[in-house]
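Colleague: next comes the sequence, and after it the predicted model I'd like to discuss.
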Amino acid sequence: MRGRTAGNRSAALSQSLASWVCTKGSIALAWAAISALALSWTAANAASTATMDARLPLKPGPSRDTGHKDLLDSFLTCGKFRIEPMRLKLSRRSLVKTGAALGAASLAPFGLSQIIVPKRRVLRIGHITDVHIQPQGVARSRFRDCLRKIQEVNQVDLILNTGDSIMDSYSANEARTRDQWNSWREVVSTTVTAPMWSAIGNHDIWGWDKSGSGTTGNEPLWGKKWALQELGLPAPYYTQDINGWRVIALDSTSIRQGTSYHGRLDDAQFNWFSQVVRTTPPGMPILVMSHIPILAVSAFLDGNNESSGDWRVPAAWMHIDARRMKDLFHQSGQVKLCLSGHMHLRDQSDYNRTHYVCSGAVSGNWWGNGSYGETPPGYSVVDLYADGSYGWEYHTY
Ligand SMILES: [Fe+2]
């Protein structure tokens, strides 16, 4: 009796839902509705006939199922779509299982499985990139504002910094480089209380432009050593596990020829990287952080890259060795998220279930007048979940 009353109420509710869904033309929600129906109907009918004509989910049971049948019919004929029902012979037990599977499977293609699968956040990250701090102008006070907001408003557990921490030391002399690192240290030491892990950006490398910087290459802190010291890094690339995730920090910038660089891991680093990915415990999700994006939509659109009639993306803007990295990710299946900066633009893409996020820039237009392209100065909040999924939001400050 209770079942029948509940069934009637459920049927009426479901019919209203179907009507709304059809009106709005939302296929995803319609699938959610019909999946919920399949689940409720199979549960309600667990005690009914053992074999039935399965014009799912609709067999008998007088008033209890009428609404469900009407709902399915109205859905099947909704809008431009008509889905022909299958005729199946199912046992009671298999019907219950089928209903549950149908519910889960039909939600999954629309990403709605998260509605019914509870997620557990294990880490909140504040992702900063391309700070480009310098003693002049608003850089120090604005960076301080940014860090305070990340920690006090967003309450992050960890800060990831993907490089270009200082304005430039690639072509700067020793005194200018020292001033910039002093500014970085002054702000970070007085503002940052959360742990901060960094990667090296191209502008953090001292003196690779020897003529511009006046260096010889024999200075004790030449190249990446100064940045390693200031950022407190154990090595240019490293890995660290935290709360069930593996974080891998890459050193994107390789010398190309003369004074130029490109985004590439040399063979030693790539072998190390491959080994770390392949030996990650099964089921442990991986986050990769790099200064230069491995893949980025923005790399196509920053500049007139199609002016020749073909798309041409400079190797200094996006990893030229992206192909072998995506092969590695595909084989592994555990690399869920790659965070980067460098472009000063905000984008997000997904290739073979690895997600790539380029997080704008704290400095925006290098501390000039606000936005770079369409992207305002900002930072990202990245939530990591125990199931390997993540959430990403870009914030101004
Ligand atoms: Fe930058």
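Modeller: Here it is on my side, so go on. Numbers count the residues shown, from 1 in each chain.
Colleague: report how many residues lie close to residue 307.
Modeller: The local packing of residue 307 (other C-beta atoms under 10 Å) involves 8 other residues. C-beta here means a position set from N, CA and C on the backbone, and glycine is covered the same way.
Colleague: the closest residue to residue 318 other than its chain neighbours: how many residues sit nearby?
Modeller: Spatial nearest neighbour of residue 318, chain neighbours left out: residue 299 (4.0 Å); criterion: C-beta to C-beta, 6 or more residues apart in numbering. Counted with other C-beta under 10 Å, residues neighbouring residue 299 total 24.
Colleague: for residue 299, helix, strand, or coil?
Modeller: Using DSSP: H, G, I helix; E, B strand; the rest coil, the structure places residue 299 in helix.
Colleague: with the one 5 residues further on instead?
Modeller: Secondary structure assignment for residue 304 (three-state DSSP): coil.
Colleague: list phi and psi for it.
Modeller: Main-chain torsions, residue 304, degrees, to the nearest 10: phi -90, psi 60.
Colleague: let me see the domain layout of the chain.
Modeller: Following the assignment in automatic domain parsing, the chain carries domains at 2-116, 121-395.
Colleague: mean pLDDT lowest where, among these?
Modeller: Sorting the domains of the chain by mean pLDDT places domain 2-116 lowest, at a mean of 41.
Colleague: can you count the residues close to the residue in the stretch 1-150 of the chain positioned nearest to the ion?
Modeller: When scored by C-beta to the ion, the stretch 1-150 of the chain has residue 130 as its residue closest to the ion, at 3.7 Å. Residue 130 has 26 neighbouring residues, counting by other C-beta under 10 Å.
Colleague: then residue 370?
Modeller: Residue 370, neighbours per other C-beta under 10 Å, totals 11.
Colleague: quick one, what contacts the nearest residue to it once chain neighbours are set aside?
Modeller: Nearest residue to residue 370, sequence neighbours excluded (C-beta to C-beta, 6+ apart): residue 364, at 5.7 Å. Listed by C-beta atoms under 8 Å, 6 or more residues apart in numbering, the contact set of residue 364 reads 344, 370-372, 375-378.
Colleague: which residues of this protein fall in helices?
Modeller: For the chain, the helices defined by DSSP state H cover 2-24, 27-44, 62-76, 92-107, 113-116, 139-148, 174-191, 210-213, 225-231, 267-278, 298-301, 322-332.
Colleague: give me the contact list for stretch 298-315.
Modeller: When contacts are defined by C-beta under 8 Å, 6+ apart, stretch 298-315 is touched by residues 256, 262-264, 293, 317-318, 343, 345-347, 358, 373.
Colleague: mind checking how far residue 327 is from the ion?
Modeller: Distance, residue 327 to the ion, by C-beta to the ion, to the nearest Å: 28 Å.
Colleague: any idea how far residue 266 is from that residue?
Modeller: Relative to residue 266, residue 327 is positioned 17 Å away (C-beta to C-beta, to the nearest Å).
Colleague: how about residue 223?
Modeller: Going from residue 223 to residue 266 by C-beta to C-beta gives 14 Å.
Colleague: more crowded one of the two?
Modeller: Legend: neighbour count by other C-beta under 10 Å for residue 223 and residue 266, higher for residue 223 (17 against 12).
Colleague: show me what contacts that one?
Modeller: Taking C-beta under 8 Å, 6+ apart as the test, what residue 223 contacts is 205-208, 217.
Colleague: beta-bridge partners for it, please?
Modeller: Beta-bridge pairing for residue 223 (DSSP bridges): residue 206.
Colleague: so which residues on the stretch 1-150 of the chain come close to the ion?
Modeller: Residues of the stretch 1-150 of the chain lying close to the ion by C-beta under 5 Å from the ion are residue 130.
Colleague: go again with 8 Å.
Modeller: Within the stretch 1-150 of the chain, the positions lying close to the ion (C-beta under 8 Å from the ion) are 129-130, 132.
Colleague: closest to residue 163 out of the residues you listed?
Modeller: Distances from residue 163 to these, taken as C-beta to C-beta, are shortest for residue 129 (6.5 Å).
Colleague: how about that closest one, phi and psi?
Modeller: Backbone torsions for residue 129, taken as degrees, to the nearest 10, come to phi -160, psi 150.
Colleague: count the neighbours of it for me.
Modeller: Neighbours of residue 129 (other C-beta under 10 Å): 31.
Colleague: who touches it in this structure?
Modeller: By C-beta under 8 Å, 6+ apart, the neighbours of residue 129 are 161-164, 201, 291, 340-342, 359-362, 379.
Colleague: apart from its neighbours in sequence, what residue is nearest it?
Modeller: Closest to residue 129 by C-beta to C-beta, 6+ apart is residue 341, at 2.7 Å.
Colleague: run through who's touching stretch 163-173.
Modeller: 129-134, 139, 176-177, 180-181, 183-184, 198-209, 212-215, 226-227, 230-231, 252, 291, 341-342, 361, 366.
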